[in-house]
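In: mind looking at a prediction? Sequence and model below.
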Amino acid sequence: MPSFVPINGLHHFAYRCRDAEETRHFYEDLLGLPLVHVIRQDRVPSTREFCPHAHIFFRMTDGSCVAFFDLGDNQSAAPSPNTPEWVNHLALRVGSLAELEAAQARLTAAGIDVLGPTDHHFIKSIYFFDPNGIRLELTTPTLPEAHPTLRKYQRDAHDELAEWTREKSRRHSAHARS
């Protein structure tokens, strides 16, 4: 089978928001991501479903965007009932540890609860929630791209996943027998 076409990067990732202006204030005024596009429609272009909405886009320095849908009902997306709140999140990369610390100070000064920084041994991260309950992570690498540790992670990735799959299967089998 021929290879899939190359995927060159992220264009946008979209979430539901409770209020477009509240979301604009957070992402543009606090995080510094400029609002670059607003689409207002009564029908969903892909399904033709009637659902008046505003689709808003905030650009990051690499040109990719974080986007939101305001459906006009003042509701944010409900969290997944079977998933801990720390699992689903959006991780955004900043340029340095100094920038990560400056971001943490700005968020804290704005009254945002921030966890971290957390040292993941190849990145450091801070965690917080936006006004819609979406967990965000700001992260910065702590190792250069060609570091042997990162090459080892890549080299071992398939083996690590295979081991996780075997371990999960053993746990599932043991649980099914009990």
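Out: That came in fine, so what should we check first?
In: can I see the domain layout of the protein?
Out: With domains defined by automatic domain parsing, the chain comprises 1-77, 81-142, 152-178.
In: okay, these in CSV with mean neighbour count and mean pLDDT next?
Out: Placement of C-beta: from N, CA and C, glycine included. Listed next are the domains of the chain as CSV, based on neighbours: other C-beta atoms under 10 Å; pLDDT from 0 to 100:
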stretch, mean neighbour count, mean pLDDT
domain 1-77, 14, 95
domain 81-142, 15, 96
domain 152-178, 9, 91
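In: would you map the strands across this protein?
Out: 12-17, 35-43, 50-59, 65-70, 89-93, 115-119, 123-129, 135-141 (DSSP state E).
In: now the angle from the first one to strand 89-93?
Out: Inter-element angle recorded for strand 12-17 and strand 89-93: 130 degrees (by axes from the mean of the first three to the mean of the last three C-alpha atoms, to 10 degrees).
In: now do strand 12-17: distance to the chain's middle.
Out: 10 Å (C-alpha atoms, centre = their mean, to the nearest Å).
In: name the helices or strands packed onto that strand?
Out: For strand 12-17, the packing partners by 3 or more C-beta pairs under 8 Å, 6 or more residues apart in numbering; DSSP states H and E come out as strand 50-59, strand 65-70.
In: so what does the last one touch, helix or strand wise?
Out: So that's strand 65-70. For strand 65-70, the packing partners by 3+ C-beta pairs under 8 Å, 6+ apart come out as strand 12-17, helix 20-24, strand 50-59.
In: export that strand as PDB, just CAs?
Out: The C-alpha coordinates for strand 65-70 follow below in PDB (Å, rounded to 0.1, in the frame of the first residue of the first chain):
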ATOM      1  CA  CYS A  65      -4.100  27.800  15.600                       C
ATOM      2  CA  VAL A  66      -6.200  27.000  18.700                       C
ATOM      3  CA  ALA A  67      -9.800  27.400  17.700                       C
ATOM      4  CA  PHE A  68     -13.200  27.400  19.600                       C
ATOM      5  CA  PHE A  69     -16.900  27.000  18.800                       C
ATOM      6  CA  ASP A  70     -19.300  29.200  20.700                       C
END
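In: distance of the residue nearest to D119 when sequence neighbours are not counted from R106?
Out: The shortest distance from D119 to any non-neighbouring residue, by C-beta to C-beta, 6 or more residues apart in numbering, is to T142 (7.5 Å). Using C-beta to C-beta, to the nearest Å, we find T142 at a distance of 21 Å from R106.
In: contacts only, for V38.
Out: The contact partners of V38, taken as C-beta atoms under 8 Å, 6 or more residues apart in numbering, are A20, A54, H55, I56, F57.
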